[in-house]
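Undergrad: Need coordinates for the following:
(one chain, ligands or ions: 2)
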Amino acid sequence: MAQYLKTSKSLSERQQANKQVSITVENILADIEQRGNAAIRELSIKFDNYDRQDYRLSQSEINACIKQLSRQDLKDIEFAQQQVFNFASEQKKCLLDLEVETRPGVILGHKNIPINSVGCYVPGGKYPLLASAHMSIITANVAGCSRIISCAPPFHGQPAPAIVAAQAMAGATEIYALGGIQAIGAMALGTETLRPVDMLVGPGNAFVAEAKRQLFGRVGIDLFAGPTETLVIADETVDGEICATDLLGQAEHGITTPAILLTNSMKLAQETLREVERLLTRLPTAEIASQAWRDYGEIIVCESYEEMLQEADRIASEHVQVMTDRDDWFLQNMTNYGALFLGPRTNVAYGDKVIGTNHTLPTQKAARYTGGLWVGKFMKTCTFQKVLTDEASTEIGSYCSRLCQLEGFSGHAEQANIRVRRYGNMDVPYAGSVPPVDVAKAS
Ligand SMILES: NC(=O)c1ccc[n+]([C@@H]2O[C@H](COP(=O)([O-])OP(=O)(O)OC[C@H]3O[C@@H](n4cnc5c(N)ncnc54)[C@H](O)[C@@H]3O)[C@@H](O)[C@H]2O)c1
Ligand SMILES: N[C@H](CO)Cc1c[nH]c[nH+]1
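TA: Ligands and ions are numbered 1, 2, ... in the order given. The predicted structure follows:
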């Protein structure tokens, strides 16, 4: 049985915190819906200490932000955006339209249609997370969305130049310096000056994730992508320093970031525990990371690889770094994860910033039912059908008529019956059902 060398805050404490966030979000969204821009402005002053008449950035403000970056900064952003573009373009090739004759004269198919108007949230409260601009905006562009707008909060009282540059370089058509619930609410509900979008995408803190969740239905959302979490699966092929580094690399995100080590080695577990404490004396972001580790860090020691696999699927973490003597076995067998990082040569930060896979990933066990953001999330797979012959319409109509009556739907049955009368030359009583026929003989 798995043993805990270190445990985290209880589930009920976490659920209580989620409840509070949910109430705050509900009230603020109602206010935005009622008062539009006036509410947006008040909220931006209240939460971000940022006041302006119009939160949309002008082209000259955008240019001024780009100018503040060095040539190397711009080249690095371009490189990362190119990698995201390349992988998303390859993934799009897997999204094939379909048209197939399933029975003689019956044509069924689907088309992948880009969502027209999307709102991409780029988080920026604690860190100016420009990488999220590539992940959402570039991917929406690859999908072919025609209107791609983007919001990010001000950072230290001003639009963050690197975020604005990344939003513009990725191809956002409208850029707003708005954060949190006010950004999500404005994009989904619309205001006097902002036309609402069809779908919201992008990660964010608990308020952002909850606002998206509450608005789902009014608009589409990509997935539940809240505060970051990470899981390291390791055996004695690696040491405590690399495990501790990978745990703290994500724990610095925020004080509620779960960082979990899952191992089959008590020796590695103890070494990692010591290394975390040592690195926390050196890490510049230790103030956040140490609180996250104290409250949300876990070390679980399992008896076998099979037990590690079972635990990993139960945890269903957003990121899973695997460093064992059988990384591909985990790839073949794991079912619940946002993204896998296989082997010690790669790590979550490569995925976060540059390698090309998307960093917007499911949290709070949403990995049980969804993967992360990808080009397919920006497409609707819509079906169509055609019936090309009288015989096909009569055959399907005959089954349809009887199946409708089995459910008591006479109106539905008539949709079938009228076609069986016209295309099959059969005498069907109004609101009756078509008797079983041998279509070959009937025609
Ligand atoms: N799951 C993913 O794919 C993924 C990817 C990247 C980042 N993230 C997460 O995104 C988050 C970014 O968080 P952040 O806070 O730095 O930036 P953020 O942009 O998500 O949130 C900042 C905004 O939160 C609002 N806010 C702050 N306190 C509030 C309060 N008490 N009530 C109402 N609104 C409030 C403010 O308006 C502010 O603009 C982190 O938790 C990070 O882990 C997740
Ligand atoms: N780890 C985040 C996904 O939860 C993404 C990210 C980018 N930069 C830093 N973090």
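Undergrad: Touching, Arg326 and Met308? I think so.
TA: No: counting by Cβ atoms under 8 Å, Arg326 sits too far from Met308 to count as a contact (10.1 Å). To be clear about C-beta, it is placed using only N, CA and C from the backbone, and glycine gets the same treatment.
Undergrad: so which helix or strand takes in Gly109?
TA: In the assignment (DSSP states H and E), Gly109 maps to strand 106-114.
Undergrad: quick one on the thing from earlier: out of Arg326 and Met308, which sits in the more crowded spot?
TA: Met308 (24 against 13; other Cβ atoms under 10 Å).
Undergrad: and the closest residue to the more buried one other than its chain neighbours, how far is that from Gly105?
TA: Leaving aside its sequence neighbours, Met308 sits nearest to Cys302 (Cβ to Cβ, 6 or more residues apart in numbering; 4.6 Å). Separation of Cys302 from Gly105 (Cβ to Cβ, to the nearest Å): 57 Å.
Undergrad: which of these two has more neighbours?
TA: More crowded of Cys302 and Gly105, by other Cβ under 10 Å: Cys302, with 21 against 17.
Undergrad: Skipping its backbone neighbours, what lies nearest whichever residue of the stretch 151-300 of the chain sits closest to ligand 2 in space?
TA: Across the stretch 151-300 of the chain, the shortest distance to ligand 2 (Cβ to the nearest ligand atom) belongs to Thr228, at 3.6 Å. In space, and not counting its chain neighbours, Thr228 is closest to His253: 4.2 Å by Cβ to Cβ, 6+ apart.
Undergrad: show me the contacts for that neighbour.
TA: Counting by Cβ atoms under 8 Å, 6 or more residues apart in numbering, His253 touches 126, 227-228, 288, 292.
Undergrad: so which strand or helix has it?
TA: Here His253 is assigned to no helix or strand, by DSSP H and E.
Undergrad: How is Ile175 assigned, secondary-structure-wise?
TA: Secondary structure, DSSP: H, G, I helix; E, B strand; the rest coil: Ile175 is strand.
Undergrad: Just want the phi and psi numbers for the residue of the stretch 151-300 of the chain closest to ligand 2.
TA: As for Thr228, its main-chain torsions (degrees, to the nearest 10) stand at phi -60, psi 150.
Undergrad: Then Pro435?
TA: Dihedral angles (degrees, to the nearest 10) for Pro435: phi -70, psi 150.
Undergrad: How about the residues of the chain by ligand 2?
TA: Residues of the chain lying close to ligand 2 (Cβ under 6 Å from any ligand atom) are 129, 131, 203, 228, 250, 318, 352-353, 359, 361.
Undergrad: Sort out which of these are buried, if you could.
TA: For the residues of the chain next to ligand 2, a burial check counting by 16 or more other Cβ atoms under 10 Å picks out 129, 131, 203, 228, 250, 318, 352, 359, 361.
Undergrad: ok, longest helix in the chain?
TA: The residue-count maximum for a helix in the chain (DSSP state H) belongs to helix 11-35.
Undergrad: Contacts for that one, please.
TA: With contact meaning Cβ under 8 Å, 6+ apart, helix 11-35 is reached by 39-40, 43, 181-182, 185-186, 189, 191, 206-207, 210-211, 214-215, 256.
Undergrad: In terms of secondary structure, what does the strand holding Gly109 contact?
TA: Judged by 3 or more Cβ pairs under 8 Å, 6 or more residues apart in numbering; DSSP states H and E, strand 106-114 is in contact with strand 98-103, strand 379-387.
Undergrad: would you list every one of the strands in the stretch 251-400 of the chain?
TA: 259-263, 297-301, 319-323, 339-342, 379-387 (DSSP state E, counting those that start in this stretch).
Undergrad: Repeat that for the stretch 101-250 of the chain.
TA: Using DSSP E, counting those that start in this stretch, the strands found in the stretch 101-250 of the chain span residues 106-114, 117-121, 147-151, 154-155, 158-159, 174-176, 199-201, 220-221, 230-234.
Undergrad: Neighbours of the closest residue to Leu373 other than its chain neighbours, how many?
TA: Using Cβ to Cβ, 6+ apart and skipping the chain neighbours, the partner closest in space to Leu373 is Thr360 (3.8 Å). Each residue near Thr360 was counted by other Cβ under 10 Å, and the total is 26.
Undergrad: surely Thr360 meets Asp222?
TA: Yes: judged on Cβ under 8 Å, Thr360 makes contact with Asp222 at a distance of 6.8 Å.
Undergrad: Could you tell me which residues touch both of the two?
TA: Common neighbours of Thr360 and Asp222, counting by Cβ under 8 Å, 6+ apart, are 201-202, 373.
Undergrad: so which of those comes closest to Ile418?
TA: The closest of the shared contacts of Thr360 and Asp222 to Ile418 turns out to be Val201 (Cβ to Cβ; 44.0 Å).
Undergrad: quick one, what contacts the closest residue to the closest one other than its chain neighbours?
TA: Spatial nearest neighbour of Val201, chain neighbours left out: Asp222 (4.0 Å); criterion: Cβ to Cβ, 6+ apart. Shown in contact with Asp222 (Cβ under 8 Å, 6+ apart): 199-202, 360, 373, 377.
Undergrad: ok, now with 6 Å
TA: 201, 373, 377 (Cβ atoms under 6 Å, 6 or more residues apart in numbering).
Undergrad: For burial, what's the neighbour tally of Ile418?
TA: 14.
Undergrad: And for Ala188?
TA: For Ala188, the count of nearby residues is 25 (other Cβ under 10 Å).
Undergrad: swap in Gly338?
TA: Using other Cβ under 10 Å, Gly338 has 28 neighbouring residues.
Undergrad: same thing with the one 10 residues further on?
TA: Val348 sits with 22 neighbouring residues when counted by other Cβ under 10 Å.
Undergrad: That one and His319 touch, don't they?
TA: Yes: Val348 is in contact with His319 according to Cβ atoms under 6 Å; the separation is 4.7 Å.
Undergrad: Identify, from the contacts of helix 11-35, the entry nearest to Ile242.
TA: Thr256 (24.3 Å).
Undergrad: Show the residue spans covered by the helices in the stretch 201-350 of the chain.
TA: Shown for the stretch 201-350 of the chain, the helices assigned by DSSP state H, counting those that start in this stretch span residues 206-215, 240-251, 266-280, 286-296, 305-315, 327-333, 348-353.
Undergrad: Run the angle between the fifth one and strand 259-263 for me.
TA: Direction vectors for helix 305-315 and strand 259-263, defined by axes from the mean of the first three to the mean of the last three Cα atoms, to 10 degrees, enclose an angle of 160 degrees.
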